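*Asks:* Got a predicted model here, sequence first, then my questions.
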Amino acid sequence: MDSCPIAARSLERPYHVDGDQRERQYKEHLSGYREWEAKDHADQWLVFPENIGERLSIDETSLSNGELYTVVTNKASHGKKGTIVAIIAGTESGMVLEALEKIPMVSRQKVMEVTLDMAGSMNRISRRAFPNAAKVIDRFHVQKLALEAVQELRIKFRWDAMDRENKEILQAKLDGREYRPEVLPNGDTRKQLLFRSRYLLYRSPDKWTESQKTRARLLFDMYPDIADAYSLSHKLRLIYSKTKVKGVAYTKLARWFNDVQKSGIDTFRTIEETICNHYENILNFFDNRSTNASAESFNAKIKAFRRQLRGVSDISYFLFRLCNIYA
């Protein structure tokens, strides 16, 4: 079925098959695409009320040329048939809600939980489309903010190190001598230390290799601000990984806010404010430890399918084939 055009291309050379012609024939006559009742509006909205379940994920994905679509999926289907509840063009809450309201309210009221990111539009969509559902902000979106704050600080110091090195090279030329950079005990220069520390700052200390442990010690000794930022990021990671009770998580996050205030790191104060603005939905994670991983996994499947088809030239046809598999 859906593999026919791909198979036709793979048979082109040994069997002298015109793959493009075979694909056109499949699309126009064999696939059933022309008789698809949703074809006229597929590039704008598709809903499958029969696939709705108690636990949903909502996320955005790009199908072609950066055009975003809102995708609602049923976690119970585990990325297989019955996964797609809705695919709607754009992320504007009004348009998405108009499409989701085509699903009967009695079905939407059965939804007990929706996982999502921190986008305001996604929260509005979830609140109005699924009124009985608890909204759960994915833990990885929160942790990503902290990780990005650490990396931002590392990059700032790296640019400073590059600027310093360029000035030292210029001065060495003016003095008529060979430039010799400062070499640290592990063999890195200051610039290399900051560049090569990128990956270790994403990982927990217990997962560092011996060379990463040495590099981390040097980095934190030379740049205490990075050490403080990494410590805050790691503490937030531990709250998510070690805490099982919602009330305990509430207390630990309050203490983490105090640590952020003491650190004086501006980017982490911004993260603190962001978490405060979404506090209730972030804490809902600790009820069932639900994440948006299923939505991210489904996005990866869409991208893989798109690569397999060598891009998307006809969005409606692409969605027809996608829904044949996952809806």
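*Replies:* Here it is on my side, so go on.

*Asks:* Can you show me the helices along the stretch 1-150 of the chain?
*Replies:* With DSSP state H, counting those that start in this stretch, the ranges of helices along the stretch 1-150 of the chain come out as 4-10, 12-15, 19-25, 93-100, 105-108, 120-129, 139-175.

*Asks:* JSON lines please, covering these and showing distance to Ala216, mean pLDDT and mean neighbour count.
*Replies:* C-beta: built from backbone N, CA, C; applies to glycine. Listed next are the helices of the stretch 1-150 of the chain as JSON lines, based on distance: least, C-beta to C-beta, whole Å; pLDDT from 0 to 100; neighbours: other C-beta atoms under 10 Å:
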{"stretch": "helix 4-10", "distance to Ala216": "46", "mean pLDDT": "51", "mean neighbour count": "15"}
{"stretch": "helix 12-15", "distance to Ala216": "53", "mean pLDDT": "56", "mean neighbour count": "9"}
{"stretch": "helix 19-25", "distance to Ala216": "52", "mean pLDDT": "62", "mean neighbour count": "14"}
{"stretch": "helix 93-100", "distance to Ala216": "43", "mean pLDDT": "93", "mean neighbour count": "18"}
{"stretch": "helix 105-108", "distance to Ala216": "49", "mean pLDDT": "94", "mean neighbour count": "13"}
{"stretch": "helix 120-129", "distance to Ala216": "36", "mean pLDDT": "91", "mean neighbour count": "19"}
{"stretch": "helix 139-175", "distance to Ala216": "12", "mean pLDDT": "93", "mean neighbour count": "15"}
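
*Asks:* could those helices go into TSV alongside distance to Ile282?
*Replies:* Shown next, in TSV, are those (distance: least, C-beta to C-beta, whole Å):
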stretch	distance to Ile282
helix 4-10	42
helix 12-15	52
helix 19-25	46
helix 93-100	20
helix 105-108	24
helix 120-129	12
helix 139-175	6
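
*Asks:* Any idea which of these gets closest to Asn324?
*Replies:* Distance to Asn324, taken as C-beta to C-beta, is lowest for helix 4-10 among these, at 11.9 Å.

*Asks:* And the nearest residue to Ile315 once chain neighbours are set aside, its phi and psi?
*Replies:* The shortest distance from Ile315 to any residue other than its chain neighbours is 4.7 Å, reached at Asp43 (C-beta to C-beta, 6 or more residues apart in numbering). Dihedral angles phi and psi of Asp43 (degrees, to the nearest 10) take the values phi -80, psi -10.

*Asks:* What residues does Asp43 make contact with?
*Replies:* The contact partners of Asp43, taken as C-beta atoms under 8 Å, 6 or more residues apart in numbering, are Ala89, Ile315, Ser316, Leu319.

*Asks:* at 10 Å instead, please
*Replies:* Taking C-beta atoms under 10 Å, 6 or more residues apart in numbering as the criterion, Asp43 is in contact with Leu63, Glu67, Tyr69, Ile87, Ala89, Asp314, Ile315, Ser316, Tyr317, Phe318, Leu319.

*Asks:* neighbours of the last one, just the number please.
*Replies:* Close neighbours of Leu319, defined as other C-beta atoms under 10 Å, add up to 22.

*Asks:* any idea how far Lys246 is from it?
*Replies:* According to C-beta to C-beta, to the nearest Å, Leu319 stands 39 Å off from Lys246.

*Asks:* just Val114 next, same as before
*Replies:* According to C-beta to C-beta, Val114 stands 17 Å off from Lys246.

*Asks:* more crowded one of those two?
*Replies:* Neighbours were counted for Val114 and for Lys246 using other C-beta under 10 Å; Val114 has more, 26 against 12.
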